[in-house]
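*Asks:* Based on what follows, work out the 3D shape:
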Amino acid sequence: MSGFRFDSYCGQYCGACDILVAYKEGIETGIPPEWDNLPTQLENLPFNARAAEIKCLGCKTDTVFSGCAKCIIRKCAIDKKIAGTCLDCNSYRCWRFKVTGLIRKISGLERKLPHLKFIDQNMRTIQREGLATWTKEQEIEWKCPQCGKQLTWYRDSCGRCKEAARTPAG
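*Replies:* Residues are numbered from 1 along each chain as shown. Sure thing, here's the model as predicted:
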């Protein structure tokens, strides 16, 4: 499906985002996604998520979930016209990246939304292997091995065949 981007500026894999996947499935099936059908962990978002539309094509697009649209890392990367990740910036690990990580830790978001813990690890992998390789690896890792359906951060099993899903990672 065109228009979707699964990589992000900060090293998060948007292809496993429950919101993006719900929106994508809604387009494919013609049934709009509803908050009641999303995992309960998303209630831990630091704003009134249920007031936001379930609509996102990924961090690097113009159609971004409202919570991600406020990200200072994303805004900086767009302002600097960075095509890849923050690794492409001469100021990588700048105050934006550090403050965002600190806020996630202090506010407990990394505990409430465990996929956030993997951003630093993902960035190290991207730095070592390259963005294209990492993205392909993530695409494989986040597909159900049984039926090929997209898995997400907070689903315990595949929505199609009920195969046990992997644990949250970015």
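*Asks:* who's in contact with the residue of the chain positioned farthest from its centre?
*Replies:* Of all residues in the chain, Asn90 has its C-alpha farthest from the mean position, at 23.8 Å, by C-alpha atoms, centre = their mean. Applying C-beta atoms under 8 Å, 6 or more residues apart in numbering to Asn90 gives no contacts. Every residue, glycine included, has its C-beta placed from N, CA and C.
*Asks:* what's the distance between it and Lys80?
*Replies:* The spacing between Asn90 and Lys80, counted by C-beta to C-beta, to the nearest Å, is 9 Å.
*Asks:* for Lys105, same thing?
*Replies:* The value you get for Lys105 to Lys80, if C-beta to C-beta is used, is 25 Å.
*Asks:* now the helices: where do they sit in the protein?
*Replies:* Assigned by DSSP state H, the chain shows helices spanning 18-29, 66-69, 72-79, 95-106, 109-112, 119-129, 131-141.
*Asks:* looking at those, which is closest to Ala164?
*Replies:* helix 131-141 (14.3 Å; C-beta to C-beta).
*Asks:* which residues are in contact with the closest one?
*Replies:* So helix 131-141 is contacted by 6-7, 13, 15-16, 84-85, 122, 125-126, 129, 166, 169 (C-beta under 8 Å, 6+ apart).
*Asks:* buried sites along that helix?
*Replies:* Leu131, Trp134, Thr135, Gln138 (16 or more other C-beta atoms under 10 Å).
*Asks:* Quickly note the distance from the third one to Ser8.
*Replies:* Same thing as Thr135. Taking C-beta to C-beta, one finds Thr135 at 10 Å from Ser8.
*Asks:* What of the first one?
*Replies:* As judged by C-beta to C-beta, Leu131 and Ser8 stand 10 Å apart.
*Asks:* Find residues that contact each of those two.
*Replies:* With C-beta under 8 Å, 6+ apart, Leu131 and Ser8 have common neighbours Thr85.
*Asks:* follow-up on the earlier one: now, among the buried residues of helix 131-141, which is nearest to Glu43?
*Replies:* Among the buried residues of helix 131-141, and counting by C-beta to C-beta, the member closest to Glu43 is Gln138, at 25.2 Å.
*Asks:* which residues does Gln127 contact?
*Replies:* Contacts for Gln127 (C-beta under 8 Å, 6+ apart) come out as Leu87.
*Asks:* Generate TSV for the buried residues of helix 131-141, with distance to Cys59 as supplementary columns.
*Replies:* Output for these, formatted as TSV (distance: C-beta to C-beta, whole Å):
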residue	distance to Cys59
Leu131	13
Trp134	14
Thr135	12
Gln138	13
